[in-house]
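K.L.:
make a model of this:
(2 chains)
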Amino acid sequence: MNKPLMATDRRPGSASLRGKLSSPQVILQLMVLPAVLAMVIFNFMPMFGMLIAFKETDLTDGIFGGKWVGFAHFKEIFEDDRFWMAMHNTIGMSILKLVITFAAPILFALIMNEIRSNAYKKVVQTISTLPHFLSYVIVATLCLIFLDPQGIVNHVLMSLHLTKEPIEFMAEAKWFWGLGSALDLWKETGWGAIVFLAAITGVNGEVYEAARMDGAGRLRCIWHINLPAIRSTIMVMLILNIGNLFYGGSNFDQSYLLGNMFNTDRSYTLGYYTLDNGLIQMRYSFAAAADLIISTLSLTLLLLTNWVAKKINGSNIF
Amino acid sequence: MKKWKSSMALLATCVVSATVFSACSNSNDNAGNEASSTPSATPTAAAIPDGKKSWEVDTSPITLDAYLNFSWFANNWTDSAAKEITKETGVSVKISKPVNDDDQKLNLMITSDKLPDIIMADKNSPAWNLMVEKGMLYSLDELAAQYAPELLQDAPKEAFTNYVADDKHTYMYVDFIEGEQYQEEVKKYNALVGTNQPEWSIRQDYLEEIGNPDISTPEAFTAALEQIKAKHPDKMGYYANVGDLVNDKDFQLGTNNMFGNYRYSINGDKIEAGFRSDKFKQELQFMNKLNTLDLLTKDTFIDTKDIFTQKINSGKTISYAWAIGEGTKTPSDNPNTSYKVMAPFDSYTQYRTGGGWNAFGIPKSNKHPERTIRFLAYMASKQGHMVAKWGVEGDKFSGDVVNGPHYSMVDGKPLYLPEYWEVKQKDWSGVSSKNGLGEYWFATNAAWWNEPEWNNTDPAFIEYNKMFGDKVKYVPELENLDPMPNSKEGIILKRVSDLYSQYGVKMIFAKSEEESMSIYEEFLKKADSLGLPQVEAYWTANYQKNAERMGK
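P.N.:
Reported below is the predicted structural model:
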């Protein structure tokens, strides 16, 4: 039950090293080499750049120049109110998004799977996937226009007498998290459903037939066949999502494009903090330090979730 | 067979690896080539035949990559002015620009040492210091002496004296310098105040509806707005041209000079932050008053420039703050009226340093420094100004904004044909996108550039000059006082600016004046505790240095 989801099958009883090397496996394994090298060069080697988080560097000094300052940048960050504000917003927004947007693609995939007409299914799937390909710059501009006090949304709300005064969606901080989640819901549900749909499609048709023979209705089939079929996919996605909590997918885009002075208290996120106080101020060491904090937290969270998942139901990714 | 298969697989693997990594090695090679090819471009000056301008020597087609650090730049070298420049110099410019005006892209280009052929950015951008320090730029005085001597003669004299680096060379060519030549000319033609003068506009039909009352003081203006708003409750009262306070460098809270506040407040021989001054308090009280009277909406500090423009075009606001050139728009809900430029309040003051605006630099990675400096010399010459700004000479406007004619010579001075100018003023950006005139301000001499607009017979501008003329102050010693953003003072300044943008809207949208003032006091206290006095000391030191250099 403790089998990692992504592990390959291991043959019982290992052959000698010589035997292993001469087997066709070696050739196949070699094919992975380019990917491994690419990862070493582009993902592992740049990590040495983290050094500058403990230095005071200038653009001209490079990674190895500059003088060591120990934890000075970290100290500054932890003493900065805006960092804690950003931390609070990032966590709050990410958790809200996780709650709201995680189950949606699963439900959507289950529903899509029940659609009989193939043509209709294709249309729905195309339409629901499209928003994913829109840049956030466009989404944000549309959002500003629609949610304007004199915009279409307020117009509709007022015509329906749901509100007397126009709601200032962008000017009131309390709306920001919900707005961010709603945008994500609209933008990513269709796209996110693809993985789950693929997993459901893999179910053998005979299983359904057998279930129906036993008198199972549609809901029963979904509950006892489809959901278990995608359970492992759900777990993997959940672990990845939680691990990504601090970087939080669209958090930065929303913070940067929809944030304003009225909602800063709720819209200022860690990604923006790094950009705002690091890159724009040309303080690359400071930015590196801030990002190192976020990365460390992310990694810890990922390992923790993985461990918990393993303890609870044996679904883990490594 | 099996052996053959496996060796093929091995081969395939090698090929794939090689392809994947060839990308890195290729780019390295290129970088090497560039580095080795640049020095050879510098040494010998090509002889310029007599009577020919330097840019006429070689007009073979060439494309220069230019980076403009202004996200709002609209033209892309496809209009008629650009084509004409290409015809005369052979140079086409491929323009790239950032998505946001925060120097991010520029800084990254510098860090990664990947600069295009031409860099253009605000002359006060810290990026210039960096590029000079790193030795990434050609010194323009040397390059011009060698290849394009015209530049040294055509440029305003301040261009090669006021911007010298520590090694006494000039690395950036600053345009729109309002130096001695300019100030002399501008007074001669009664043209101190131009289309870009910040102002407030108000809807004429509404003003007439309430009997054209006096609106020359903040109190009278507020009272008039109140009356109009009572009749048109669905309209916004006042629409500030500010975008957001993050970029409100002069601490004006969207009041566009009406209360005369400025980034720096001169207190004796010391410089203080502008928001400490009484002028700031006045504008704050005014804005807060508008808010309590329901004449100000929050969207004014949220809307993007596009939405701002669209709301004004559709007449959704009673009054707005913008510039004279955009101050007489016709609202789409009543084509028979227009907004009009309001007379400034007594407190209106516009400080100008006259130090110019955009700067043009040639990175050493440029493969054609010779052609580039000649292109710069062309753009800075009178001939270049004729093509880039004046247009086609003729007597009567044909109605065709592209082929003109656009201007005629009156008493030895170019003057836009009134019919053309009218069309242009009505739809500034629309006309610009077609003929490009006035958009390629890469190396402008402010006097030549603006000459065709100076029309001392245009009653509107004579009036505007009377209205705003004596409210413009030149204070060159306030130029470039700010610290580098990553310095100790720079970091404090950043914190204070963040604080200002956060508190600014809280002060304005406070429910009463007392509350607003107490938030303001709280803001000052916090700013002081962040170390604002250190920044002010830095400003003061720079100010005194400037004053000394300018002999004041």
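
K.L.:
hmm, residue B:539 is touching residue B:271, no?
P.N.:
Yes: taking contact to mean CB atoms under 8 Å, the distance of 4.0 Å between residue B:539 and residue B:271 places them in contact. Every C-beta, even on glycine, is put in place using the N, C-alpha and C of the backbone.

K.L.:
show me the common contact partners of these two, please.
P.N.:
Both residue B:539 and residue B:271 are in contact with B:264, B:481, where contact means CB atoms under 8 Å, 6 or more residues apart in numbering or on different chains.

K.L.:
next, the contact list for the closest residue to residue B:131 other than its chain neighbours, please.
P.N.:
Spatially, and ignoring its direct neighbours in sequence, residue B:131 is nearest to residue B:137 (5.2 Å; CB to CB, 6 or more residues apart in numbering or on different chains). With contacts defined as CB under 8 Å, 6+ apart, residue B:137 is in contact with B:119, B:131, B:171, B:172, B:361, B:362, B:363, B:364.

K.L.:
cool, residue B:489 as well?
P.N.:
Under the criterion of CB under 8 Å, 6+ apart, the contact list for residue B:489 reads B:483, B:534, B:535, B:538.

K.L.:
can you count the residues close to the residue of chain B found nearest chain A?
P.N.:
Closest approach of chain B to chain A (CB to the nearest CB) occurs at residue B:298, with a separation of 3.8 Å. Burial of residue B:298, expressed as a neighbour count using other CB atoms under 10 Å in any protein chain shown, amounts to 19.

K.L.:
tell me the residues of the stretch 151-300 of chain B that contact chain A?
P.N.:
Residues of the stretch 151-300 of chain B lying close to chain A (CB under 8 Å from any CB of the partner chain) are B:244, B:245, B:246, B:297, B:298, B:299.

K.L.:
and the pLDDT at the last one?
P.N.:
If you check residue B:299, the pLDDT there is 87.

K.L.:
any chance of the contacts of residue B:137 in CSV, plus secondary structure and neighbour count?
P.N.:
CSV is the format used below for those (DSSP: H, G, I helix; E, B strand; the rest coil; neighbours: other CB atoms under 10 Å in any protein chain shown):
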residue, secondary structure, neighbour count
B:119, strand, 27
B:131, helix, 24
B:171, coil, 22
B:172, coil, 24
B:361, strand, 24
B:362, coil, 26
B:363, strand, 22
B:364, coil, 19
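
K.L.:
just for chain B, where's the confidence low?
P.N.:
Counting by pLDDT under 70, chain B contains low-confidence ranges at B:1-49, B:242-243, B:549-552.

K.L.:
domain ranges for it?
P.N.:
Chain B breaks down by automatic domain parsing into domains covering B:54-179+B:356-383, B:198-353+B:479-549.

K.L.:
buried stuff in stretch B:164-179?
P.N.:
Taking 16 or more other CB atoms under 10 Å in any protein chain shown as the neighbour-count basis, stretch B:164-179 is seen to contain the buried residues B:169, B:170, B:171, B:172, B:173, B:174, B:175, B:176, B:177, B:178, B:179.

K.L.:
contacting residues around that stretch?
P.N.:
Here stretch B:164-179 makes contact (CB under 8 Å, 6+ apart) with B:123, B:128, B:131-132, B:137-142, B:151, B:155-160, B:162-163, B:186, B:352, B:354-361, B:376, B:380, B:441-446, B:449, B:474.

K.L.:
chain center to it, what's the gap?
P.N.:
What separates the centre of stretch B:164-179 from the centre of its chain is 17 Å, taken as CA atoms, centre = their mean, to the nearest Å.

K.L.:
export it as CSV, just CAs?
P.N.:
Taking Å, rounded to 0.1, in the frame of the first residue of the first chain, the C-alpha atoms of stretch B:164-179 are listed here in CSV:
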residue,chain,number,x,y,z
VAL,B,164,29.1,65.1,-18.4
ALA,B,165,30.2,62.1,-16.4
ASP,B,166,33.1,62.1,-14.0
ASP,B,167,35.5,61.5,-16.9
LYS,B,168,34.3,64.7,-18.6
HIS,B,169,32.6,62.8,-21.4
THR,B,170,28.9,62.8,-22.3
TYR,B,171,27.3,59.4,-22.6
MET,B,172,23.7,60.3,-23.1
TYR,B,173,22.1,62.8,-25.5
VAL,B,174,19.3,64.5,-23.6
ASP,B,175,16.4,65.9,-25.6
PHE,B,176,13.9,68.7,-24.8
ILE,B,177,16.5,70.7,-22.9
GLU,B,178,14.9,74.0,-22.1
GLY,B,179,18.2,75.9,-21.9
